[in-house]
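S.K.: Mind looking at a prediction? Sequence and model below.
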Amino acid sequence: MNQAVQAELITHETTPHALPPVQLDQFEGPLDVLLHLIRSQAMDIFDIPMAMITAQYLEILEAQQEMDLEVAGDYLVMASTLMQLKSRMLLPRPEIDEEGNEIDPRAELAAQLLAYEQYRMLAEELNELPRLGRDVFVRCIFPEAKDVQRPLPEADLDALLMAFRAVLKRVGGEVRHRIFTETMSVRERMATVLERLRKGGIGLDELLADEPGREALVTTVLAILELWRQQMISVVQSEALGAITLLPKEAVE
Amino acid sequence: MNAEQLQRLGTQLEALLLASDEPLTMARMRGVFGEGVHSSDLREAIAALEAFYQDRGIQIIQVAGGWQFRTAPEHADMIQHLWEIRPQKLSRSAMETLAIIAYRQPTTRAEIEALRGVKISSQMVATLQERGWVKVLGRKEVPGRPYLLGTGKQFLVDFGLDSLKDLPDSAQLIDEDEIQQMVMGSIQEHDYEEEADTENPHQNERREARG
């Protein structure tokens, strides 16, 4: 029995309209497509003919051969929303809100379309503002080109020699290297540490206790590290932040 | 400040504006001139300069809270010939996203997606951020703590706006509630019309039921 009703409804709504063919990639999403359909056919956004718009929407969708899966999702969700709205409108009893008013299932869609249309228009206006780097320019703005040639300064041997001479003159003509002799030898220290370890393990503190001065301390530590690296001694620390003990290799084995 | 002094201040400001790399704010100008020069004098001198440059190839534009010399928009095409590379065109989706962020800030990605009815790619938001047009203002204290997006200073500079109040048509922006009311009002009107309409689906249904 419902078939007759639906048939009547659909024929009523689908007055033939020759729509100019459109490509989906001209649009920025399902709302954009719907707005195009509504505005180009001068439909009333508050009274959208659902059957007609759904058919036209699906037609555009089907005309698209290949669709990016992510993009397709948004379009298909809208297709199902449209069909759901259409079927809700066919319900015998109108939906009623808490205050007893009839709910038009299309209200939400209409609001969404209006909100989107507003921002679509604002985007266009924003795009028309004179933009820096496109319409207006400020002094010394460089295009974002990688191949901008920045010539190196001209140089020649004379200039180089002149510069060198100037430097020599400034330092008084004397350029000397001063070489310091090493007063402490790491090698020598290594021998000393090994000597002291011969009698068995020794605490690091104890070993460093009688080193005269900073230079000696550093040299001894370097010597220990070098011995350790060469695996001639072992370094043991039983607990975190605890005392460090040096052991001759034989003692460990 | 007499006319002669004002004239001199004008030429000084002109030089400052040319030398400055970014829009010159009132605070910077006051910093340069010190206590001796009042803001009112500076404003007067700027106004005179603005008037002087009104019909020239370069203009003094008030942008991002300061003043800057810019070429007049009508010379854009000619100026482009200086460079081989044309500025990149922005996609419509990028412009729409930017518009929503600009007019609704602080806003979230979910809100933008709801308004545009499509997914927003991270790539696009990243591009807008790279240009300094969009920045993260904070996080929204809702589940998932999404980023709150807004426009950065570069947005004002690049679009030649002094402040967000200068966004085109921002006064006419209709918010959700107003749209909702508009829709409800208009749909109710239609319902009354439909009562008299024999093609009304509900009436059809009733007629069927009776028959």
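M.R.: Ah, there it is. Numbers count the residues shown, from 1 in each chain, chains lettered A, B, ... in the order given.

S.K.: How is chain B divided into domains?
M.R.: Structural domains annotated on chain B: B:3-74, B:92-171, B:176-210, as defined by automatic domain parsing.

S.K.: Output these as TSV; include the columns mean pLDDT.
M.R.: Shown next, in TSV, are those (pLDDT from 0 to 100):
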stretch	mean pLDDT
domain B:3-74	93
domain B:92-171	92
domain B:176-210	56
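
S.K.: Quick one, which of these gets closest to A:Gln230.
M.R.: Of all these, it is domain B:92-171 that lies closest to A:Gln230, at 53.1 Å by C-beta to C-beta. For glycine as for every other residue, the C-beta is placed from the backbone atoms N, C-alpha and C.

S.K.: which of the domains of chain B sits most buried?
M.R.: domain B:92-171 (a mean of 17; mean count of other C-beta atoms under 10 Å in any protein chain shown).

S.K.: So that domain, near chain A or not?
M.R.: Yes: Domain B:92-171 reaches chain A (C-beta under 8 Å from any C-beta of the partner chain) through B:92-93, B:95-96, B:98-100, B:102-103, B:115-119, B:157-161, B:167-169.

S.K.: so of those residues, which ones are in strands?
M.R.: Using DSSP state E, no member of these sits in strands.

S.K.: Those residues in helices, which ones?
M.R.: Applying DSSP state H to the residues of domain B:92-171 next to chain A, the entries found in helices are B:92-93, B:95-96, B:98-100, B:102-103, B:115-116, B:157-158.

S.K.: which one of those sits closest to B:Ser186?
M.R.: Relative to B:Ser186, and with distances defined as C-beta to C-beta, the nearest of those is B:Leu115, at 20.2 Å.

S.K.: thinking that closest one is in contact with A:Tyr116, fair?
M.R.: Yes: with contacts counted by C-beta atoms under 8 Å, B:Leu115 reaches A:Tyr116, the gap being 5.9 Å.

S.K.: where do the helices sit along the stretch 1-150 of chain A?
M.R.: Taking DSSP state H, counting those that start in this stretch, the helices of the stretch 1-150 of chain A run over residues A:2-13, A:30-40, A:50-63, A:69-89, A:107-128.

S.K.: Format those helices as JSON lines; extra columns: mean neighbour count, distance to chain B and mean pLDDT.
M.R.: Putting the helices of the stretch 1-150 of chain A into JSON lines (neighbours: other C-beta atoms under 10 Å in any protein chain shown; distance: least, C-beta to the nearest C-beta, whole Å; pLDDT from 0 to 100) gives the following:
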{"stretch": "helix A:2-13", "mean neighbour count": "13", "distance to chain B": "5", "mean pLDDT": "47"}
{"stretch": "helix A:30-40", "mean neighbour count": "20", "distance to chain B": "4", "mean pLDDT": "93"}
{"stretch": "helix A:50-63", "mean neighbour count": "18", "distance to chain B": "10", "mean pLDDT": "90"}
{"stretch": "helix A:69-89", "mean neighbour count": "15", "distance to chain B": "5", "mean pLDDT": "87"}
{"stretch": "helix A:107-128", "mean neighbour count": "19", "distance to chain B": "4", "mean pLDDT": "92"}
